[in-house]
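Trainee: My questions are about this predicted structure, shown below with the sequence.
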Amino acid sequence: MRRLLPTLAVMALAWGAVEAHAGTVPFTGSLTIGVFHPNGSPLSPLVVPGSGIATVDGSHIATLDLPASPFAATGITAMNGAATGPLSGEQLTVHNGAGSFAGGPLGGPMPLNGVMKVCHFAYCGSAPPANMLVPLTVAGVGGSATVSSLVNVTVSGAPWTVGTAALGTLTQMGFRHGPASLTSSTAAASGQIRLVTPIFISTNIGGAPLLPTFGFLDLHFVPEPSTLLLLGTGIAGLVMFGRTKGG
């Protein structure tokens, strides 16, 4: 038993490192822009993967701060079926600004710097005359922005939330939970957060004057490499102890 105690102590130390929630926590995740047809049906999403280090406070995350640009992409394209449709696809160039979230429900601003191109009657890259450029500067923050060209576009944004985001009758919900869907350990390894933000796009196109859009920010917290090394050391020690005892 005495030989087992040091190994158990190492494992307890490693697990304590996994469960330490104040400070910085590595994450992987994705930033998704989901465009909906005016009739409410979803179009092909634009997904930007990323990873980085979050700063958190509290086991269930009372505050969350994200750095700028872990989610960045140039020219990501989604296609929506036939090129002859009124909304044939979207193209996205974006990188996120720094985000700061707090409160109940957890939420706050994180700007999206970039532009989304909505392609009409031809796939993106075919340069049809009715391509619509959508500025994203107010998305995830609030306020409105307008672009006047062949297609006039006004975009209205709002901060992110783990609660419910609504655009008319369309709603999307965020969430946060720890491993095994526990509601008190979001910052632990395998904890997850989804923040959502509504992006209201209005145009002067007669057949589709409104283009409801949502932003989704998904984070999955992972243990740091040093923690994994400690856990691996502890498990290896138990294996060696078992072999020695059995021999």
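Mentor: Sure, I can see it. None of the values given here were measured: they were computed from a predicted structure. Numbers count the residues shown, from 1 in each chain.
Trainee: remind me which residues of the chain are low pLDDT?
Mentor: Within the chain, the segments meeting pLDDT under 70 span 1-22, 82-85, 126-130, 207-208, 224-247.
Trainee: center of it, which residue is that?
Mentor: Nearest residue to the geometric centre of the chain (C-alpha atoms, centre = their mean): residue 217, 1.9 Å.
Trainee: The closest residue in space to that one that isn't next to it in sequence: what's it in contact with?
Mentor: In this structure, residue 217 finds its nearest non-sequential neighbour in residue 195, 4.4 Å apart by C-beta to C-beta, 6 or more residues apart in numbering. No exception for glycine: its C-beta is placed from N, CA and C like everyone else's. By C-beta atoms under 8 Å, 6 or more residues apart in numbering, the contact set of residue 195 is 101, 106-107, 110, 160-162, 174, 216-217.
Trainee: How about residue 144?
Mentor: Taking C-beta under 8 Å, 6+ apart, one finds 138, 154-157 in contact with residue 144.
Trainee: again, only using 6 Å
Mentor: 138, 156 (C-beta atoms under 6 Å, 6 or more residues apart in numbering).
Trainee: what's the answer for residue 106, then?
Mentor: Applying C-beta under 6 Å, 6+ apart to residue 106 gives the contacts residue 162.
Trainee: Let's see that with 10 Å instead.
Mentor: Contacts here follow C-beta atoms under 10 Å, 6 or more residues apart in numbering; on that basis residue 106 touches 60-64, 160-163, 174, 176, 186, 193, 195.
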